[in-house]
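Asker: Requesting a structural model of the entry that follows:
(chains A and B)
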Amino acid sequence: MSTLDLLVLFGTLAFIVIYGTYKTSGSKDIEGYLKGGNSMKWGAIGLSVMATQASAITFLSTPGQAYEDGMRFVQNYFGLPIALIIVSAVFIPIFYKLKVYTAYEYLENRFDVKTRFLGAFLFLVQRGLAAGVTIYAPAIILSKILGWNLNITILLVGLLVVIYTVSGGTKAVTLTQKYQMAIIMGGMVIAFFMVIDNFPDYISFNDAIRVAGKMGKLNAVDFKWDFSERYTFWSGITGGTFLALSYFGTDQSQVQRYLSGKSITESRMGLMFNALLKVPMQFFILFVGIMVFIFYQFHKPPVFFKQHELNAIYETDYANDVKKLDDRFNEVYESKKERVKVLVEAMNNGNGDAVQVAKDEVVTLENEAKSIRSEVKDILLKSDPEMETKDSDYVFITFVMSHLPKGIIGLLIAVIFSAAMSSTSAELNALGSTTTIDFYKRLIRKEGSDKHYVIASKWLTVMWGGLAVMFAFFATLAENLIELVNILGSIFYGTILGIFIVAFFFKYIRGHAVFISAIIVQAIVIYCYFFTDIAYLLFNVIGCALVVIIGFLIQLFMNKQPSSSAEGD
Amino acid sequence: MKEPAKEFEKEQQPPFFKTWKGMYTFVLAFLATLILLFHLFTKIYE
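Answerer: Residues are numbered from 1 along each chain as shown, chains lettered A, B, ... in the order given. From the prediction side, this is the model:
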């Protein structure tokens, strides 16, 4: 990276940390520290909710996903507005009425203290692990691309986030997220125009879209009723609603964002802001990936985007095999470039037959290029069976580093760091709050001063920051740890959502029944993970449904027992 | 002078809409329009 890039990167990061710390330090009361003094307007809440969800990996992976697989991933977000309406209409009024700091406080009010502890504990385990990955995932990519030391990169992100999150609490998280979102979206818009600007003269923006369409990349909606397809309209509307409901309704890192609102209306509007903008935003980020794909039809892409691993293979006995494949890949690229040119001319001349012929040739060559890339990946796997050969996360960052001018590279790296910091700060803030309110204040010190709880919350946030960094350090030992954390999340999320669904919609089921049900279901889900082949994403649905069904049956049984009527929840 | 209950109700109103139901209908209609546009986008450039 050039000096200008480093200046832009560190200038941006320093501004966020210093400004966030300076403007928000000094909260003396717990409401000011954990709920931002309930002073946030809907715009700030909306950006904060958006920034919490959008981690660095979103901006690294999503364009790469579009590059590989087209626009269809956008369907995953179709259920999000529906889930946000449910949270706004059902969850928020109850959280406000009870004036809770955490979502799990509500569980004590509705059921009993043990159910509250269970919900809070499951959240801490899952989010504590996820916070480590939120730091680790971008750090591993940036350290490889920039040649930085991985541990120093992890420590840099962790330390910067801890400084302002501990100093200003929720207010600092929300304030910095506002600027981080501005940097992120500004950077992505600049990247979009820079890609288009780098197209050859004979390709207009409209040509680029038409070529992408002919190559099957603009597959934004698929109404096919096919369960083997990962992303369809139906899976987005059903599964997407379900996942977004668990995340926005029961995950304290999100609940804390909208509970900082000045009023119930501000909180609801913050969610409606996301309900309106999130789908177009994801569409835009995917579309940037499509434009990068078109760019690489006219500029030779690497045969494998993880350049570090590709360079390393040239030092092994497999060097000749890879060299041959790389040469073939170059030939295919050159032929494809020419055929795409012919396709554009045919489309502009309105020659339907010529368009069909050129399109078929381009698609055949694209498939050949894909097959060569697969062969290279097979060789890389032979050389190192533990290697992660999925390289789509590296597509966008490779484009940025290789083709954007000085200064803009620094800004785009700042986008990745900002995204990592914004989601990590919200996670640490929520972990610190939950530990303070649901365990420390409830179990250890029930009658403390506000100042005492603010100090306790700060120390607990530091502790979670340290744990997240430690976990990120250990993540280097296992390449598949990211998937492991996703699995852990899916194992616990279903149970947590099930408890909340019972709390909101099944008044018949009470504390003991839901607690026993949640414990049984958690054991069933863990059993299913180890002894069945069920896809782990389905654990969300299975866990939630089983908590409701088993809870209902237990309650039915308990109601038939004369002594159970004494249950006081 | 307005009654406190009415004042409270007004305070809970979303901007631009009389009720939250109206706001939610608007959000769902917006989502449906987006999906329709994406579908047309897919079909036109296929």
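Asker: check whether the helix or strand where residue A:44 lies contacts chain B.
Answerer: Per DSSP states H and E: residue A:44 is located in helix A:42-53. No: taking Cβ under 8 Å from any Cβ of the partner chain as the criterion, helix A:42-53 and chain B are apart, separated by no less than 8.6 Å. For glycine as for every other residue, the C-beta is placed from the backbone atoms N, C-alpha and C.
Asker: give me the number of residues near residue A:253?
Answerer: 27 (other Cβ atoms under 10 Å in any protein chain shown).
Asker: give the contact list for it.
Answerer: A:52, A:127, A:423, A:426-427, A:429-431 (Cβ atoms under 8 Å, 6 or more residues apart in numbering or on different chains).
Asker: Now it. Nearest residue, chain neighbours left out?
Answerer: residue A:430 (3.9 Å; Cβ to Cβ, 6 or more residues apart in numbering or on different chains).
Asker: just how off-centre is the helix or strand that neighbour falls within within its chain?
Answerer: Assessed by DSSP H and E, residue A:430 sits inside helix A:408-434. Helix A:408-434 has its C-alpha centroid displaced from the chain centroid by 11 Å (Cα atoms, centre = their mean, to the nearest Å).
Asker: Kindly report the same for stretch A:245-253.
Answerer: Put simply, stretch A:245-253 sits 13 Å off its chain's centre (Cα atoms, centre = their mean).
Asker: got the CA coordinates for it in CSV?
Answerer: Taking C-alpha atoms only, stretch A:245-253 is exported to CSV below (Å, rounded to 0.1, in the frame of the first residue of the first chain):
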residue,chain,number,x,y,z
LEU,A,245,-36.8,-12.7,13.3
SER,A,246,-34.4,-14.6,15.6
TYR,A,247,-31.6,-12.1,14.9
PHE,A,248,-33.5,-8.8,15.2
GLY,A,249,-36.0,-10.0,17.9
THR,A,250,-33.8,-12.0,20.3
ASP,A,251,-30.1,-11.1,19.7
GLN,A,252,-29.1,-8.4,22.2
SER,A,253,-26.6,-6.9,19.8
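Asker: tell me the mean pLDDT over it?
Answerer: The average of the pLDDT scores along stretch A:245-253 is 90.
Asker: hang on, the earlier thing: so what's the model's average confidence on the helix holding residue A:430?
Answerer: The model assigns helix A:408-434 a mean pLDDT of 90.
Asker: Check stretch A:291-307 too.
Answerer: 93.
Asker: which is the next helix or strand following the longest helix along chain A?
Answerer: The longest helix of chain A (DSSP state H) is helix A:150-197. Proceeding N to C from helix A:150-197, the next assigned helix or strand is helix A:205-214, under DSSP H and E.
Asker: wait, does that following helix contact chain B?
Answerer: Yes: remark: helix A:205-214 sits within contact range of chain B at A:209-210, A:212-214, by Cβ under 8 Å from any Cβ.
Asker: Show me what secondary structure element comes after that helix.
Answerer: helix A:233-250.
Asker: just to revisit the earlier point, isn't the residue nearest to residue A:253 up against residue A:127?
Answerer: Yes: counting by Cβ atoms under 8 Å, residue A:430 touches residue A:127, with 6.6 Å between them.
Asker: Give me the common contacts of the two.
Answerer: A:251-253.
Asker: List just the nearest of the residues you listed to residue A:450.
Answerer: Set against residue A:450, the nearest of the shared contacts of residue A:430 and residue A:127 by Cβ to Cβ is residue A:252 (20.1 Å).
Asker: The residue of the stretch 251-400 of chain A found nearest chain B - how many residues pack around it?
Answerer: Residue of the stretch 251-400 of chain A nearest chain B, by Cβ to the nearest Cβ: residue A:275 (4.8 Å). Neighbour count of residue A:275, defined by other Cβ under 10 Å: 28.
Asker: Assess the claim that it and residue A:84 are in contact.
Answerer: Yes: counting by Cβ under 8 Å, residue A:84 is a contact partner of residue A:275 at 4.2 Å.
Asker: Now the common contact residues for these two.
Answerer: residue B:27.
Asker: For the closest residue to residue A:539 other than its chain neighbours, identify the helix or strand it belongs to.
Answerer: Nearest residue to residue A:539, sequence neighbours excluded (Cβ to Cβ, 6+ apart): residue A:490, at 4.5 Å. Residue A:490 is part of helix A:481-505 when elements are defined by DSSP H and E.
Asker: go on, residue A:8?
Answerer: helix A:3-24.
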